[in-house]
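Q: Have a look at this prediction, sequence included:
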Amino acid sequence: MGKIKLLSLVVPAFKQEKTIVKNLQNLSGVLSTLTLKYEIIVVVDGFCDKTYDLLYNLKPKIKGLKIYGYEKNMGKGYAVKYGVEKAKGDIIGFIDAGMDIDRNNLVKFINHFISSSPDILIGSKAHPQSKVNYSLKRKILSKGYRFVIKSLFSLPVSDTQVGLKLFNRKVAKDVFSRTMVSGFAFDIEVLSIAISLGYKIEEAPISLKLTGQSSIKYDNYLKIIITMLLDTLRVWFRLNILNTYGNKKEVVKI
């Protein structure tokens, strides 16, 4: 990677009217400690509440804030891809809109990416140095899904689902141009595509405390689990049977 001039951080937001202002002020405060220039790209995933209006009023007060949105809720994967397409940074990443991931840990995460220059750096709950505090139900679901992923995919990572990932610009544009999953299983699709194209992934520790303020609302666990499993199986089928995602000879030019 050449000289890094700009960081683009995509923040997908769905029904975040109660917390979005505080969360972005917090995030902006953390990013302002970097010597690196940055842009915060918030994608409002459906005009379902006052999230977009609050962001519009907040925009003049936060450096580098860019706001996008659309009428219908399309899913987190769709929102992240939409934001990546708009991103101009040398480093492109995404982070959940909620306050679950310790923002102060983000600076260390970004600096690790700059110093080691991987193709992709992902946060991992399974990293031995991670500090994770969440419910037993979530732990069971997380470990269960990790078992499914390990059984279906040969990925050199221990955890695929943390909402904090950074990409080299070329890698982000290449990988996200091929993604098809709009919902919760988009992470596994992104990482599977990246590995199939020969890109290298590194894991880093995170500090995670589930606050209940996440941009993803877990109103119906059974529905979410079924949808994730079906999407995951579709990814496996496209990757291993249909070769839908192509190969590295078809890398997207940017």
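A: Sure, I can see it.
Q: Could you find the closest non-adjacent residue to residue 119?
A: In this structure, residue 119 finds its nearest non-sequential neighbour in residue 199, 4.0 Å apart by C-beta to C-beta, 6 or more residues apart in numbering. The way it works is simple: take the backbone N, C-alpha and C, and place the C-beta from them, glycine included.
Q: swap in residue 6?
A: residue 89 (4.3 Å).
Q: all helices for the protein, in order.
A: 20-31, 51-58, 76-86, 103-116, 136-152, 169-176, 186-196, 221-237 (DSSP state H).
Q: Of all these, which one is nearest residue 122?
A: helix 186-196 (7.4 Å; C-beta to C-beta).
Q: Show me what that closest one is packed against.
A: helix 76-86, strand 120-124, helix 169-176, strand 201-205, helix 221-237 (3 or more C-beta pairs under 8 Å, 6 or more residues apart in numbering; DSSP states H and E).
Q: any chance of the ones you listed in JSON lines, plus distance to residue 3, mean pLDDT and mean neighbour count?
A: Rendered in JSON lines, the data for the helices and strands packed on helix 186-196 read as follows (distance: least, C-beta to C-beta, whole Å; pLDDT from 0 to 100; neighbours: other C-beta atoms under 10 Å):
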{"stretch": "helix 76-86", "distance to residue 3": "21", "mean pLDDT": "97", "mean neighbour count": "23"}
{"stretch": "strand 120-124", "distance to residue 3": "18", "mean pLDDT": "96", "mean neighbour count": "24"}
{"stretch": "helix 169-176", "distance to residue 3": "12", "mean pLDDT": "98", "mean neighbour count": "22"}
{"stretch": "strand 201-205", "distance to residue 3": "21", "mean pLDDT": "95", "mean neighbour count": "20"}
{"stretch": "helix 221-237", "distance to residue 3": "35", "mean pLDDT": "90", "mean neighbour count": "15"}
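Q: Out of the ones you listed, which is closest to residue 147?
A: helix 221-237 (11.7 Å).
Q: Neighbours of the closest residue to residue 67 other than its chain neighbours, how many?
A: Spatial nearest neighbour of residue 67, excluding adjacent residues (C-beta to C-beta, 6+ apart): residue 55 at 4.8 Å. Residue 55 has 24 neighbouring residues, counting by other C-beta atoms under 10 Å.
Q: Return the distance of residue 55 relative to residue 16.
A: 9 Å (C-beta to C-beta, to the nearest Å).
Q: Run a quick neighbour tally on residue 167.
A: 29.
Q: just residue 148 next, same as before
A: With other C-beta under 10 Å as criterion, residue 148 counts 15.
Q: Just to check, it is in contact with residue 229?
A: Yes - applying C-beta atoms under 8 Å as the test, residue 148 and residue 229 come out as touching, 6.9 Å apart.
Q: quick one on the thing from earlier: I'd like the helices and strands packed on helix 186-196 as TSV, with distance to residue 39 appended.
A: As requested, those are arranged in TSV below (distance: least, C-beta to C-beta, whole Å):
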stretch	distance to residue 39
helix 76-86	9
strand 120-124	18
helix 169-176	13
strand 201-205	22
helix 221-237	29
